[in-house]
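>>> what's the 3D shape of this:
(chains A, B, C and D, ligands or ions: 4)
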2 protein chains.
Amino acid sequence: MKPGGHSEAVEMYLKSLAVLGGARQPVAVAQLAEKLQVTTVSANEMLHRLSRDGLVTHQPYRGFQLTEAGRETAWDVIRRERLWERFLVDQLKLDPARAIGWACQLEHATAPEVIEALDGFLQYPATCPQGQPIPRSADDAVHGEGRMLSEAEIGERVRLTAFDDEDPEVLTYLQRQGLAIGQVVSVVEMGPRRSPLTLRLENGQAVIGRDLALTIQTERVA
Amino acid sequence: MKPGGHSEAVEMYLKSLAVLGGARQPVAVAQLAEKLQVTTVSANEMLHRLSRDGLVTHQPYRGFQLTEAGRETAWDVIRRERLWERFLVDQLKLDPARAIGWACQLEHATAPEVIEALDGFLQYPATCPQGQPIPRSADDAVHGEGRMLSEAEIGERVRLTAFDDEDPEVLTYLQRQGLAIGQVVSVVEMGPRRSPLTLRLENGQAVIGRDLALTIQTERVA
DNA sequence: CCACATTAGAAGGTAAACCTTATTTTCACA
DNA sequence: TGTGAAAATAAGGTTTACCTTCTAATGTGG
Ligand SMILES: [Mn+2]
Ligand SMILES: [Mn+2]
Ligand SMILES: [Mn+2]
Ligand SMILES: [Mn+2]
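Numbering: from 1, shown residues only, chains lettered A, B, ... in the order given. Ligands and ions are numbered 1, 2, ... in the order given. Here you go, the predicted model:
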């Protein structure tokens, strides 16, 4: 047993459940299996074990959902991950896109005392490098609540507040395009349907697909 | 597989082998089993697996010894542990006695890039909080080479350079006695045989058993 | 030199997480 | 309302790292 009393595998299932479904909706086995890179049979097996242990509930043919106990642990794992991300990026100056993977290792090997001390050392950061909130009080959300970039109107100026996609390829791509958290952009052009968005940046321009814009949280700028 | 390609269990066996026997002598199974808190049968099993994989050699009825490959990994694990110890103690201000255990978790979850960045962040420290060297070039020693406190003569002034015993109880005891790495002490009194030593500290006095004094490295002071 | 503790090995077992292949159940929607 | 995809279950297998109990070999100290 690791620090929190759960194995690394269990922690990963719980974390994924929280990220994919939050407290709201149940998550389909196939989705979990996809994210964790295991077969659906393996995911099923594990999820039943978690159900047996009271960490998730199962609505057959609908999906699995965290219980209060499960959410508790998931929340804690996410907290550990995001604090480590901050440390790796801010203090060690490592690449944010790759830091996620490294933090995902460290998160399972970190005792509560260490995480609390790290939190203080970093001066209680509010978000991870991708802009997602670092949960601190018992029922903090796992995801930000911003309006998605894809919903912006032409000419509107918005600030990028969070990237929901954690794929290093995607994050590196965004970085290359000059898009960063905190950055203010305005939508110059946006075709109908699934067509890409053209953005004006502080210096320069960027074009990104609608699918990607759907994973970027924003807030209105005065 | 963890960062270095070896499981946590394997890394712990290799590290222990290095600490207990270095490159010099073979280590008895019973000693390993004791340190790792497993049965001798389990230790035997595992050591044979390591032997099969070319990480250790076995001289029947004499013990197991690291090969070059095994030493390589052991050295790296020790390096990771000691760098984390430094971070936990110096930056996070955590108790050195307990930091060892926490570092022993983190050491198995740390990618090479992270360790190199951490090393730089800490400005390439030479030793861990207990004074043991942090290996950096390929064939650095795992242990310091100081003269043991138990060999000091009466009236002699020595500086404490390293504590070999990693038991948190022991380290806490030493701390309570006012003994710290770097501290200069002089031997006031020392009975014959296994009798305790009386030391004069910068401010105060301390009495410690001969067994304990046997685990404390020192260097002569001008 | 021989007894006894240490070391080795043999046999069988557990639990966690994975896997594959195959079958059955159910839901959604066309 | 029937059917096909998704979900669930069944069955059997693997690897790692533990465990216990028992027996056999060995090297050293008295
Ligand atoms: Mn993880
Ligand atoms: Mn993040
Ligand atoms: Mn360890
Ligand atoms: Mn140390």
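
>>> Which pLDDT value does the model give the closest residue to ligand 2 within chain A?
Here chain A gets closest to ligand 2 at one residue, residue A:128, 3.4 Å apart by CB to the ion. Every C-beta, even on glycine, is put in place using the N, C-alpha and C of the backbone. Residue A:128 carries a pLDDT value of 97.

>>> again with the one 3 residues further on
Confidence per residue is given as pLDDT, and for residue A:131 that number is 96.

>>> Confirm for me that it is in contact with residue A:159.
No. Between residue A:131 and residue A:159 there is no contact under CB atoms under 8 Å: 10.1 Å.

>>> for the residue of chain A closest to ligand 2, what are its contacts?
A:81, A:82, A:85, A:86, A:134 (CB atoms under 8 Å, 6 or more residues apart in numbering or on different chains).

>>> Ok, residue A:140 next?
Listed by CB under 8 Å, 6+ apart, the contact partners of residue A:140 are A:75, A:133.

>>> Would it be right to say that it lies in a helix?
No. Residue A:140 is assigned coil when assessed by DSSP: H, G, I helix; E, B strand; the rest coil, not a helix.

>>> Distance of it relative to ligand 4?
36 Å (CB to the ion, to the nearest Å).

>>> now the residue positioned nearest the centre of chain A, nearest residue through space, not along the chain?
With distances taken as CA atoms, centre = their mean, residue A:164 lies nearest the centre of chain A, 5.4 Å away. Counting by CB to CB, 6 or more residues apart in numbering or on different chains, residue A:164 lies nearest to residue A:215, which is 4.2 Å off, once chain neighbours are set aside.

>>> Can you give the distance from stretch A:58-66 to the centre of its chain?
Taking the mean of its C-alpha atoms, stretch A:58-66 sits 21 Å from the chain's own mean (CA atoms, centre = their mean, to the nearest Å).

>>> Comparing residue A:131 and residue A:159, which residue is more hemmed in?
Between residue A:131 and residue A:159, counted using other CB atoms under 10 Å in any protein chain shown, the more crowded position is residue A:131 (19 against 15).

>>> So the nearest residue to the more buried one once chain neighbours are set aside, which state does it fall into?
Leaving aside its chain neighbours, residue A:131 sits nearest to residue A:162 (3.2 Å; criterion: CB to CB, 6+ apart). Under the three-state scheme (three-state DSSP), residue A:162 adopts strand.

>>> Within range of chain B, give me the residues from chain A.
A:2-3, A:88, A:91-94, A:98, A:101-102, A:105-106, A:108-111, A:113-114, A:117-118, A:120-121 (CB under 8 Å from any CB of the partner chain).

>>> and chain A, which of its residues are near ligand 2?
Within chain A, the positions near ligand 2 by CB under 5 Å from the ion are A:85, A:128, A:130.

>>> Residue A:142: which of these is nearest?
In terms of CB to CB, no member of the residues of chain A next to ligand 2 lies closer to residue A:142 than residue A:128, at 11.1 Å.

>>> related to what we said a few turns ago, mind putting the residues of chain A next to ligand 2 in a markdown table, distance to residue B:19 and secondary structure included?
Converted to a markdown table, the residues of chain A next to ligand 2 look like this (distance: CB to CB, whole Å; DSSP: H, G, I helix; E, B strand; the rest coil):
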| residue | distance to residue B:19 | secondary structure |
| --- | --- | --- |
| A:85 | 32 | helix |
| A:128 | 36 | coil |
| A:130 | 40 | coil |
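
>>> how about CSV for these, with distance to residue A:198 added?
Converted to CSV, the residues of chain A next to ligand 2 look like this (distance: CB to CB, whole Å):
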residue, distance to residue A:198
A:85, 30
A:128, 28
A:130, 23
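
>>> For the closest residue to ligand 4 within chain A, list the residues it contacts.
Per CB to the ion, residue A:114 is where chain A lies closest to ligand 4, at 15.7 Å. Going by CB under 8 Å, 6+ apart, residue A:114 touches B:88, B:92, B:94, B:102, B:106.

>>> Are we agreed that the third one is in a helix?
No. According to three-state DSSP, the state of residue B:94 is coil, so it is not within a helix.

>>> shouldn't residue A:62 be in contact with residue A:26?
Yes. Under the criterion of CB under 8 Å, residue A:62 makes contact with residue A:26 at 5.1 Å.

>>> which of those two has more neighbours?
The neighbour comparison of residue A:62 against residue A:26 (other CB under 10 Å) goes to residue A:26, with 17 against 11.

>>> phi, psi of the more buried one?
phi -70, psi 150 (degrees, to the nearest 10).

>>> my read: it touches residue A:67, true?
No. Applying CB under 8 Å as the test, residue A:26 and residue A:67 come out as separate, 11.8 Å apart.

>>> And the helix or strand containing residue A:76, what does it pack against?
Assigned by DSSP states H and E, residue A:76 falls within helix A:68-86. Under the contact definition 3 or more CB pairs under 8 Å, 6 or more residues apart in numbering or on different chains; DSSP states H and E, helix A:68-86 sits against helix A:8-21, helix A:96-106, helix A:112-121.

>>> And the next helix or strand past the last one?
So that's helix A:112-121. Downstream of helix A:112-121 (by DSSP H and E), the next one is strand A:147-148.

>>> Kindly report the same for the first one.
Following helix A:8-21 in sequence order, the next helix or strand is helix A:29-36 (DSSP H and E).

>>> does that following helix come close to DNA strand D?
Yes. Legend: contact between helix A:29-36 and DNA strand D by CB under 7 Å from any atom of the strand is shown at A:29, A:30.
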